[in-house]
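Undergrad: what follows is a predicted protein model with its sequence.
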Amino acid sequence: MNEALQSAVITGPTGAVGLALCRELLHRGWQVYAVCRPGSARAGRLPQHLNLHKIDCDMSQAAMLPGLIPAGADAMFHLAWGHTMGEGRNDMLAQNENIRYTIEHIRAAAKLGCRVFVGAGSQAEYGRVEGLLQPGTPCFPENGYGMAKLCAGQMTRVEAEKLGMRHIWVRILSVYGPGDNENAMVPSLIRALLRGECPALTAGEQLWDYLYSADAAKALAELAIKGRSGGVYPLGSGRAVPLKEYVETLRDLICPGQPLGFGQRPYAPRQVMHLQADVSALRQDTGYAPATPFAEGAAQTIAWYRENP
C-alpha cells in the first residue's frame with residue numbers, strides 16, 4: 001500500500017463525516033481541497049486552515065475539477081450525494097443522476113492524478129437485514145437511494161480498474177457528530193431536548209450501531225492508505241446498543257429528569273430491530289478501533305448545536 005498520500009479532494013465536506021474528515025486530514029498534514037456547492041450556506045463550517053482550500057464546484061460539474069485544482073491530488077473522498085432524505089430517496093431519476101455524478105468524479109480523480117478513490121456507500125445498500133452487516137452480506141436494497149449507492153459502488157470499482165486506481169467502498173451505518181443533517185435522529189433529538197420538549201418516541205428497543213464522526217473520519221483516512229483495492233467495508237462502531245440507551249444518554253447530558261415519550265410512536269412497518277457493522281475486515285486491514293464513547297461524542301455534538309442553533 002502507498003502510505004505517501006499527502007493531498008485529497010473531498011466532495012460533501014460540510015456534513016458530519018465531511019467536516020470530521022477535513023479536520024482529520026489537516027491534522028495529518030495533508031493538503032485538503034474541499035469541494036462545495038457554489039453559494040453553499042454551510043461552507044462557513046469548514047475549518048480555517050492554510051492547508052484547506054475551498055473549491056466552488058457543483059456536483060454536476062466534476063469535469064471542471066482538474067482545472068480548478070491545478071496541483072492535482074493523491075486521493076479523492078467522494079461523500080457528496082443528493083436526495084438522501086424523505087421522498088427524494090425514491091426519486092429514481094434523481095438517484096440515477098447521483099450514479100452518473102459518482103462516475104464523473106472518479107474520472108475527474110484520475111485526471112487529477114489520484115491514486116485512490118474512496119466512495120461513501122450506505123447501509124441502505126443491504127436492504128432489510130437484521131444483525132451483523134458484513135462485506136459479503138447479500139444486498140437487496142429497498143429504495144432508490146440504496147439501489148443507486150450499490151450501483152455507484154460497483155460501477156466505480158470497474159472504472160477504477162480501467163483507470164489504474166485503487167478503489168475503496170465504505171458502507172456507512174449511523175454516524176453522528178457536529179454538522180449532521182438536522183433531520184437525522186441524534187440532531188433532531190438534541191434540538192428538541194434543548195427546547196425543553198418531550199419528544200414522542202418508539203419504545204426504543206432497536207439495537208443500533210452509532211459511530212462518532214471523528215472516528216468515522218479516522219477510518220476513512222486509514223482506508224485510503226491501507227484499504228484493500230476493490231474492498232467493501234461496513235463502517236460503524238461494531239457495537240449495538242438499545243436505541244433507548246442512546247436517547248437517555250442525550251437526555252441526561254442536556255436536561256436530566258426530562259420525561260421522554262417512549263412508546264408514543266409505533267414502530268415503522270417491518271422495522272429493523274438489530275443493525276450492526278461487522279468491522280473485522282476494517283480492523284484487520286487498517287488497525288481500526290473506534291475511540292470515542294457515545295457519551296463523549298454526544299457531549300461534543302451537543303456543544304456544537306448549542307453554538308449553532
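TA: Sure thing, it's come through.
Undergrad: state the distance from the nearest residue in space to residue 130 that is not next to it in sequence to residue 154.
TA: Nearest residue to residue 130 in three dimensions, chain neighbours excluded: residue 274, at 4.9 Å (CB to CB, 6 or more residues apart in numbering). Where C-beta positions appear, they are placed from N, C-alpha and C, glycine not excepted. Going from residue 274 to residue 154 by CB to CB, to the nearest Å gives 26 Å.
Undergrad: packing partners of the helix or strand containing residue 232?
TA: Following DSSP states H and E, one finds residue 232 within strand 231-235. Here strand 231-235 touches strand 166-172, helix 213-226, helix 280-286, going by 3 or more CB pairs under 8 Å, 6 or more residues apart in numbering; DSSP states H and E.
Undergrad: how about these in CSV, adding mean neighbour count, distance to residue 51 and mean pLDDT?
TA: Below are these laid out as CSV (neighbours: other CB atoms under 10 Å; distance: least, CB to CB, whole Å; pLDDT from 0 to 100):
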stretch, mean neighbour count, distance to residue 51, mean pLDDT
strand 166-172, 24, 23, 98
helix 213-226, 23, 14, 98
helix 280-286, 17, 23, 97
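Undergrad: tell me the contacts of the closest residue in space to residue 276 that isn't next to it in sequence?
TA: The shortest distance from residue 276 to any residue other than its chain neighbours is 4.0 Å, reached at residue 240 (CB to CB, 6+ apart). The neighbours of residue 240, taking CB atoms under 8 Å, 6 or more residues apart in numbering as the test, are 207, 208, 209, 274, 275, 276.
Undergrad: tell me the one among the residues you listed nearest to residue 29.
TA: Closest to residue 29 out of the contacts of residue 240 is residue 209 (31.1 Å), distances taken as CB to CB.
Undergrad: in what helix or strand does the residue lying farthest from the centre of the chain lie?
TA: Most distant residue from the mean C-alpha position of the chain: residue 257, 32.3 Å away (CA atoms, centre = their mean). If you go by DSSP H and E, residue 257 is not part of any helix or strand.
Undergrad: what about the strands in the chain?
TA: 7-11, 31-36, 52-56, 75-78, 116-122, 131-133, 166-172, 174-176, 207-208, 210-212, 231-235, 241-242, 275-277 (DSSP state E).
Undergrad: of all the ones you listed, which one is nearest residue 86?
TA: strand 116-122 (15.2 Å).
Undergrad: what's that closest one packed up against?
TA: Packing partners of strand 116-122 (3+ CB pairs under 8 Å, 6+ apart): strand 75-78, helix 92-111, helix 144-163, strand 166-172, helix 213-226.
Undergrad: any idea how far residue 147 is from residue 139?
TA: Distance, residue 147 to residue 139, by CB to CB: 9 Å.
Undergrad: check residue 40 too.
TA: To residue 139, residue 40 is 32 Å away according to CB to CB.
Undergrad: buried sites along stretch 132-140?
TA: 132, 133, 134, 137, 139 (16 or more other CB atoms under 10 Å).
Undergrad: first-to-last residue distance for that stretch?
TA: Length of stretch 132-140, first residue to last, CA to CA, to the nearest Å: 15 Å.
Undergrad: for that stretch, what is the distance to the chain centroid?
TA: From the chain centre to the centre of stretch 132-140 is a distance of 18 Å (CA atoms, centre = their mean, to the nearest Å).
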